[in-house]
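Asker: fold the stuff below for me.
(4 chains)
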Amino acid sequence: MEFKFTDEQIMIRDTAEAFVSEVSTSAAVRSAMLMPAGYDADLWRQISADMYWQALPVPEALGGLGLGYVELAATLEQTGRFLLCSPLMATTALAVPAIRLAASDKQQALYLGRILEGQVATLAHSGIKTHGSDINVQANVTDQGVCLNGISRHVLNGQTADFFIVAAKETFASGEQGVSLWFVDSGTEGLTIKSLPTMDQTRRLAELQFNNVVFSPQQRLGGEAKCQAQLLSTILDLAAIAVSAEQVGGAQQSLDISVAYIKERVQFGRTIASYQAIKHKCADMMLKAESARSGLYYAACIADEFLAGACDAETLAEAASITKAYSSEAFFFNAGCGIQLHGGVGITSEYDIQLYFKRAKALESFLGNASEHRERLAKQLLGSEVTL
Amino acid sequence: MEFKFTDEQIMIRDTAEAFVSEVSTSAAVRSAMLMPAGYDADLWRQISADMYWQALPVPEALGGLGLGYVELAATLEQTGRFLLCSPLMATTALAVPAIRLAASDKQQALYLGRILEGQVATLAHSGIKTHGSDINVQANVTDQGVCLNGISRHVLNGQTADFFIVAAKETFASGEQGVSLWFVDSGTEGLTIKSLPTMDQTRRLAELQFNNVVFSPQQRLGGEAKCQAQLLSTILDLAAIAVSAEQVGGAQQSLDISVAYIKERVQFGRTIASYQAIKHKCADMMLKAESARSGLYYAACIADEFLAGACDAETLAEAASITKAYSSEAFFFNAGCGIQLHGGVGITSEYDIQLYFKRAKALESFLGNASEHRERLAKQLLGSEVTL
Amino acid sequence: MKLRFSASDEAFRVEVANWLRDNLCGEFESIRFRGGPGDEHSFVEERKAWERKLGEAGWTCIGWPQAWGGRAASIEQQVVFNEEYARAGGPGRIGHIGETLMGPTLIAYGSEAQKVKYLPAIRSGDAIWCQGYSEPSAGSDLANVKTKAVFDEQAQVWHITGQKVWTSLAHESQYCFVVARTDPQAKGHKGLGFFMLDMDQPGVTIRPIEQLTGTSEFNEVFFDSAVCSADDIVGKPGEGWQVAMALLGFERGVSTLGQQMLFQNEFNDIVQLAKRNGADRDPMLRQRIAEAHIGLRLMRYNTLRVLSGSDQGELQAEGMIYKLYWSSWHRNLGKLAMDVMGADSEILEAEPYALNRLQSMFLFTRADTIYGGTNQIQRNLIAERALGMPREPRGNNE
Amino acid sequence: MKLRFSASDEAFRVEVANWLRDNLCGEFESIRFRGGPGDEHSFVEERKAWERKLGEAGWTCIGWPQAWGGRAASIEQQVVFNEEYARAGGPGRIGHIGETLMGPTLIAYGSEAQKVKYLPAIRSGDAIWCQGYSEPSAGSDLANVKTKAVFDEQAQVWHITGQKVWTSLAHESQYCFVVARTDPQAKGHKGLGFFMLDMDQPGVTIRPIEQLTGTSEFNEVFFDSAVCSADDIVGKPGEGWQVAMALLGFERGVSTLGQQMLFQNEFNDIVQLAKRNGADRDPMLRQRIAEAHIGLRLMRYNTLRVLSGSDQGELQAEGMIYKLYWSSWHRNLGKLAMDVMGADSEILEAEPYALNRLQSMFLFTRADTIYGGTNQIQRNLIAERALGMPREPRGNNE
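Answerer: Have a look, this model is predicted:
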């Protein structure tokens, strides 16, 4: 038990902090927000070529860095802190775990290889609700090939992805409807990618429309025709932990920029920071940021244990729900308080706190909101289940 | 629309305030708490003979004062404010509306007459949940008479009641199990009354055990064999409004005694009342007390309209749920904050704030907690229903 | 104590409803349910036309005395009017600052000449007013006003110089009332004046403030020796604080009931949405919907208590909770709206940043707990004035 | 960063668990899951015997140096011990003030003679200690201590006079550590001394404080020229503040993990109750149960972060949130317990006022956010020390 960063992990975090704080300034974020891709492609090339962050959780044998979720969390905490606009989350936190958990060795080499080269990948996992419960894409497997029809919404960075891992519903031999996962290249015929304008302009979502999209059954992840619902759930748990990392960074930065502002701002002849009610609000924000961080590190450790075969998917699910539930509310709370602490300027475009607020709202419902994750935990604790 | 007390109502309130503040001092409450009845019988005689409060909502034609729920609320706000220990709530707010709504003219004259003479009455309405959903008393009606078996818990002032209105389940001709209401005298054979020790010692609860309790079918309220579930629900709505009145008084007093304390108490060389965080808590408490009061007066007006035939039971139910949900949480919030504002002495027996805290907790779940009432409102608003 | 309206009030209700039904249509159909806080920038020309239409029919300023073109409507009638107006989807009143703030202030404190000059155009819906209270360095601290008013004896005019901020509809208004310091030596509440300023002059520059919604409801207004006639000061120089405070008192009047009806419309939208998209099956959302319903009802009864006057003539402490109450409630409603929309709350109607009504409300309600005195300020006021707790000390760091 | 314990720690875990299984039974069966905050008055004699039994087997003071009879157990081992102790239902440690506060303070700041005199009896479980920090007029304000210590040169003893309050287990303790003012001229942090006082003397009077639970866990302790040998002051006269602060630092150590295991037991009871009485079907209660679970898990990982030491050697700001965090969490747990019990939460086990464990917890947790520095004080500290915000000014009204 040594619940702190190793020296190497500190170095990774510090490197990330130094890099992101330089490239993802307020001006850079605002510029990226207006780009069609939602991010600066040059910066993404820099990240993927120089920083090689997409390789963090890719095994060394395949050319990756072979690092774990603690290192990934340390990095994403910094990208979240500075609102970095990039397809890093989609590629590294959604696509990579899907490939690692579900793909065959041959597929892993191929698709992780493409990611290591800097290609953008993402997961088209569901409609709205958590954990694949709401998949609106049908897969019809025949001798001629696979045919997908339907819609997948809220696909992170779907606009610029080179390939997708698509979750579809398929009727299996047993008659049971299950989830299957497929590699689909962005150029495939019949696939229409529609950009969805979003409230949080720092994160792009797309809608994928599948209209008789036909390809080879070889593109099934893992190659075996079986229900991958539990696997998808586990992939999304790993993704949720990564999202929490960005939430923790955002929660911390919402506090930090607010404290910096109120220490300067004078009202009624006193710095706002001297008012007790203001101080107490900041104390509550710090409590949330620190506790969210503890939950994140815990979940990151569990993720590494899971990937090393040292704990089961149930334990991972618990950790993911704990961190996602808490950090979702912590970030939203801190960003909301941050606007209030800023006073009038908090609601202007000019100040950054509103960007954090929008990011907090967007991440809160992404991959399951706090209520959904708490109900999942309640089910683990109490056995019984209720429908949300 | 004149949403304030009339001069007469102000007089009624002021009289109640003057009387209760004199007879229900801290010492008097503490003394009553230790009495087996849970109240001072002499004081109750004084209330019923001199103040004649039990007659407030009894029609003039039957010898009552013929006043409405606004006057009752004004009075109970004061009894709640000073934690008056008495069977007034049970008799006037539970039994009287049951008799007025469900009994025949002849029964009304008889039983309201007993109440006007100073007898104690109460409603044995259910087990735990709101609105009669959990009745554990079975009524078996045969040619020989009525036979009750089962248990009714949490009967307010059951220990000292002269008679009860008992809600029982009965199988009707149609095969439908419904609710029926019965007058049962406390001395009836087979009826065992067990006192339940309570966390809030200012309010006594009893358990009624019915073991082949046999009496005449004449004692059926209203005389007609039909399901009275909706009627019971309406009776409990009227009762919930009365309970809210005590909650509003308690919420106000929790604030007032706390503010009085912190204005005197010095810490770090300053009166505690000068700390902004303390001030803000008090402001929030005032917001809750005042808003709860507005909700109470609104509901009391609706109760009077309902009794005058000017609105339907659905409107009454809405008003009852609004006031009970809000005042339950407001009182608990204010009493809880009150303890915190008192600091160390807040958790000692010596100071009164803990008595308010216990009363707040007791009233919160009595006749349905805030969640239950909110779900009832949600059903009205949304149509659909979920089970709590 | 009674809730119901009299028969004559109910007859008035029918009159209002009928008129709205017959007139809020056709060319005005497009502005139903539009305007109001967060949507103040929308359909400005149409709403100006609508204001004049209301004026022609005698539906502006109904609470004003008949001498100034009002109906001397009772509190009850004003409540009824506001209810029916909102129920019919009446657009956010672009003339509300004139009608509910400037007008009552002038009627109470203005000279006869001022009343003659300004009231008719408010009453007819022709003159739109905006307010100049807040300043960048003052925020909620009106006593720290830095805008200066210097009197030119010769020209008999005041020259106003300074900056105001958070001014709604500044670029659409003919007039602005401005609190400025007439005595440069004075500090705090002293030496202020209350001016009525013509916005159409070279000394006035307006710069829209872009908000988190992407729209610009608020503005910065710069006065550079803006001219104000000696006749256009309300009260005497040095009495500005008293007039400004009185004006804020009018703000807490019946106009709040109109606001609540807008809230009711928003709430109804959320309920309909929940029924449509299945959010009504989520027990937590059901609780929050019910809680919002309770909150809105209690807001109404809080207001009715205040409007009905105190029971015993003392300070109406309960009136002080109003701003804190509604702003917190409305902010929570914004979040509830998003949670009822679910993941789709993230998706906008169109590029580049077209928020739907509930999304806009969600974002804009973050301003509710800030402008017009932050929640922190409101709690101070309640604690100090209603509960008699010690005042926050001012610092020296001005 | 790793969560798991080493193989040797896991072996140690088995050793602890086995010993507890074999010894926490028979005569000690009755005290399983008893004692601890809110239940501190229960089974005192049995728990004293248990303390000695622990001492005999070397299970007290395991984190102490071996020189003083400890095991010099690593942080990990102490965590493991606390976990297993609580899992087995080990009773609230009646010796915890000696073991976790007085002992470490003496080891760090005491003289050799003091260590020899006091440590062995703490280690053996024979000597029970209580604390004398708070005073009626001081509350959370230790700098405002009024208790006086006057030195009698001739007799070479201190005479302590004053009143302490909120002293747990005062009547069961042999010793009390007392912060008293040695320099009557000094104010605030200065001129204080840290004394170790024998409670068994005429100058000490103990008056139990009856709490809202009807029980008396806390006491008032009156010192009327109570005698304390010159040898029984820790540090020099005037250094009392430093020693007292250091002692409070020890409080925030590994003992918190034991506390969390008691919380876990309470939480488990609530989960079991919910399954039994059907509360597990209430979606809102399910949310709150999950929330409590999350809160408890994060409490643990917050603590482990603090115990593991800072990443970069700076001030461990995150440690400052602990009191605020656990007290708020525990208070919420108390309310959750009552809501899971439902209407039956109102019904006691017996006359006159026999609360069951969860009821007692509900009431007593109201003290959690008050003693040891109220939540208000904690938030001040966090804002001022961790976030660098301005300090609250002291008043002059002493």
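Asker: what's the closest non-adjacent residue to C:Leu273?
Answerer: C:Val340 (5.5 Å; C-beta to C-beta, 6 or more residues apart in numbering or on different chains). To be clear about C-beta, it is placed using only N, CA and C from the backbone, and glycine gets the same treatment.
Asker: what about the one you found, which SS state?
Answerer: helix (DSSP: H, G, I helix; E, B strand; the rest coil).
Asker: how about the contacts made by it?
Answerer: C:Ile270, C:Leu273, C:Ala274, C:Asn277, C:Ala279, C:Leu285, C:Ile289 (C-beta atoms under 8 Å, 6 or more residues apart in numbering or on different chains).
Asker: and with 6 Å instead?
Answerer: Contacts for C:Val340 (C-beta atoms under 6 Å, 6 or more residues apart in numbering or on different chains) come out as C:Ile270, C:Leu273, C:Ala274, C:Ala279.
Asker: could you list the domains of chain A?
Answerer: A:7-119, A:122-219, A:229-382 (automatic domain parsing).
Asker: just say which of the ones you listed is most tucked in.
Answerer: For those, average neighbour numbers computed from mean count of other C-beta atoms under 10 Å in any protein chain shown are highest in domain A:229-382, which has a mean of 24.
Asker: what's the span of it from first residue to last?
Answerer: 22 Å (C-alpha to C-alpha, to the nearest Å).
Asker: ok, is it in contact with chain B or not?
Answerer: Yes. Judged by C-beta under 6 Å from any C-beta of the partner chain, domain A:229-382 and chain B are in contact via A:Tyr275, A:Gln276, A:Ala277, A:His280.
Asker: distance of the second one relative to B:Gln276?
Answerer: This points to A:Gln276. Per C-beta to C-beta, to the nearest Å, A:Gln276 is found 4 Å from B:Gln276.
Asker: what strand or helix carries C:Leu197?
Answerer: C:Leu197 is located in strand C:192-198, with elements delineated by DSSP states H and E.
Asker: from the chain's centroid, how far away is that strand?
Answerer: 19 Å (C-alpha atoms, centre = their mean, to the nearest Å).
Asker: could you identify the helix or strand that succeeds it?
Answerer: Taking DSSP H and E, what comes next after strand C:192-198 is strand C:204-208.
Asker: against which helices or strands is that next one packed?
Answerer: Contact partners of strand C:204-208 among helices and strands, from 3 or more C-beta pairs under 6 Å, 6 or more residues apart in numbering or on different chains; DSSP states H and E: strand C:219-229.
Asker: name the nearest residue to the residue of the stretch 1-150 of chain C found nearest chain B, ignoring sequence neighbours.
Answerer: Residue of the stretch 1-150 of chain C nearest chain B, by C-beta to the nearest C-beta: C:Leu3 (4.4 Å). With sequence-adjacent residues excluded and distances taken as C-beta to C-beta, 6+ apart, C:Leu3 is closest to B:Cys301, at 4.4 Å.
Asker: tell me the SS of residue 238?
Answerer: Going with chain A. Relying on three-state DSSP, one would call A:Leu238 helix.
Asker: now do A:Ser195
Answerer: A:Ser195 ends up strand, using three-state DSSP.
Asker: for C:Val150, give me phi and psi.
Answerer: phi -120, psi 130 (degrees, to the nearest 10).
Asker: residues contacting the residue nearest to the spatial centre of chain A?
Answerer: In chain A, the residue lying closest to the centroid (C-alpha atoms, centre = their mean) is A:Val243, at 3.7 Å. Neighbouring residues of A:Val243 by C-beta under 6 Å, 6+ apart: A:Leu363, A:Leu367.
Asker: in the chain, what spans have low per-residue confidence?
Answerer: I went with chain A, as the question did not name one. A:1, A:127-133, A:173, A:175-176, A:385-388 (pLDDT under 70).
Asker: try again with chain C
Answerer: Residues of chain C that meet the cut-off, pLDDT under 70, sit at C:138-140, C:251-255, C:310-316, C:396-398.
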